[in-house]
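Trainee: My questions are about this predicted structure, shown below with the sequence.
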Amino acid sequence: MDEQVLPMSMDTQEKLIDIVVPTHNHLELTITCMQNLYEHTRTPFHLIVVDDSTDGLTHRYFAQLKKEKKNITFIHSNTPYKSGNQFFNIAFQHTQSKFVATVMNSNKVEPDWEIVALHLMERDPKIGIIGFKNIFPDRTIESAGIRIVKFLPTDMGRGQCSHRLSNTYECDAVQWAFCLLRKEAIPVLEEDVYNGFRGWDDIDNCLVMRRNGWNILYCGLGVAFHEPRATRGDNSQKAALENAQNREMFFKRWGMWVDFKKDNPQAQELLPDYPKSAPVMKAPMPSATSPIPERVLVKV
């Protein structure tokens with residue numbers, strides 16, 4: 001891969017958190033994302049930008065921003081990235097802190113989004129990842145953590161008013177579009193399992209972390225407005241097919257395909273050669289019947 005790395009010039013002792021931002025064209029989203037990060041992040045941070053833009057504008061923008069800010073590592077590839085795990089693996093090689101936040105360039109963080117989650121991480125060494133509240137532009141909740149319900153990963157709080165679910169609780173998974181990770185808890189991220197940017201890989205990553213003994217939390221006091229699929233989104237039939245294939249791979253990897261087919265007999269098997277009897281991965285699966293928590297499980 002033809003890759004260029006422009007390292008930061010900041011004193012590494014000044015920062016307490018790494019923030020990873022993938023970018024792919026759409027400079028208008030990136031500029032707004034950067035403005036909100038620098039205005040609303042109270043904790044000193046090291047910004048790691050992983051870019052495969054072809055517009056020529058993103059590279060020039062960060063070349064200028066690096067002159068103003070001393071905490072930026074900019075990584076550009078002329079070869080398009082193939083998956084989210086690929087650019088996460090590249091970014092994580094350049095982290096220098098105990099904690100790493102992932103923020104898509106289609107996110108606009110709200111003030112002090114990281115404060116409570118960092119406090120929770122420092123207090124409980126068993127927490128591996130904390131997901132934040134993603135809000136749609138219409139001010140309804142996109143995701144307040146993920147619960148696996150009858151084999152389907154379901155965004156909790158979807159469509160509710162944005163002021164709801166502002167507590168902290170355990171969940172089955174979280175979106176990696178906006179979360180905080182403990183560096184030592186990050187597993188080996190497989191890059192070639194799922195199709196492109198069609199989902200399911202971040203949920204798979206979370207289940208691997210659970211299998212490895214790490215707790216997964218959601219913290220509703222970290223908030224960002226998110227424009228889903230604004231950067232690499234695709235509404236084509238090909239994208240829908242790839243998403244369905246990813247779903248099937250996920251269920252087969254975790255030993256849920258047979259039960260899923262029983263509940264969804266209309267579901268077509270798209271990958272008959274992919275293992276479906278013996279699961280590739282093993283982990284204690286979450287309960288699909290436990291209710292959404294109504295009380296604060298972790299007091300700050």
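Mentor: Arrived safely. Numbering: from 1, shown residues only.

Trainee: Contact partners for the closest residue to residue 40 other than its chain neighbours?
Mentor: Spatial nearest neighbour of residue 40, excluding adjacent residues (CB to CB, 6 or more residues apart in numbering): residue 111 at 4.4 Å. For glycine as for every other residue, the C-beta is placed from the backbone atoms N, C-alpha and C. Going by CB atoms under 8 Å, 6 or more residues apart in numbering, residue 111 touches 39-40, 42.

Trainee: between those residues, which has the most around it?
Mentor: residue 40 (16 neighbours; other CB atoms under 10 Å).

Trainee: For residue 49, see how far away that one is.
Mentor: Per CB to CB, to the nearest Å, residue 40 is found 18 Å from residue 49.

Trainee: likewise residue 114?
Mentor: Counting by CB to CB, the gap from residue 114 to residue 49 is 18 Å.

Trainee: gap between the strand ranked longest in the chain and the chain center?
Mentor: If you go by DSSP state E, the chain has its longest strand at strand 215-226. Here strand 215-226 is found 11 Å from its chain centre; the criterion is CA atoms, centre = their mean, to the nearest Å.

Trainee: and for the helix or strand following it, what are the contacting residues?
Mentor: Proceeding N to C from strand 215-226, the next assigned helix or strand is helix 237-253, under DSSP states H and E. Residues outside helix 237-253 that contact it (CB under 8 Å, 6+ apart) are 151, 193-196, 198-201, 203-204, 256-257, 260, 268-271, 274-276, 279-281.

Trainee: could you turn helix 237-253 into PDB, dropping everything but the C-alphas?
Mentor: The C-alpha trace of helix 237-253 is given here as PDB (Å, rounded to 0.1, in the frame of the first residue of the first chain):
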ATOM      1  CA  GLN A 237     -28.700  -3.500  -4.600                       C
ATOM      2  CA  LYS A 238     -25.000  -4.600  -4.400                       C
ATOM      3  CA  ALA A 239     -24.600  -2.900  -1.000                       C
ATOM      4  CA  ALA A 240     -27.800  -4.600   0.200                       C
ATOM      5  CA  LEU A 241     -26.500  -8.000  -0.900                       C
ATOM      6  CA  GLU A 242     -23.200  -7.400   0.800                       C
ATOM      7  CA  ASN A 243     -24.900  -6.500   4.000                       C
ATOM      8  CA  ALA A 244     -27.000  -9.700   3.800                       C
ATOM      9  CA  GLN A 245     -23.900 -11.700   3.200                       C
ATOM     10  CA  ASN A 246     -22.200 -10.000   6.200                       C
ATOM     11  CA  ARG A 247     -25.200 -10.900   8.400                       C
ATOM     12  CA  GLU A 248     -24.900 -14.500   7.300                       C
ATOM     13  CA  MET A 249     -21.200 -14.600   8.000                       C
ATOM     14  CA  PHE A 250     -21.700 -13.100  11.400                       C
ATOM     15  CA  PHE A 251     -24.400 -15.700  12.400                       C
ATOM     16  CA  LYS A 252     -22.300 -18.600  11.100                       C
ATOM     17  CA  ARG A 253     -19.100 -17.400  12.800                       C
END
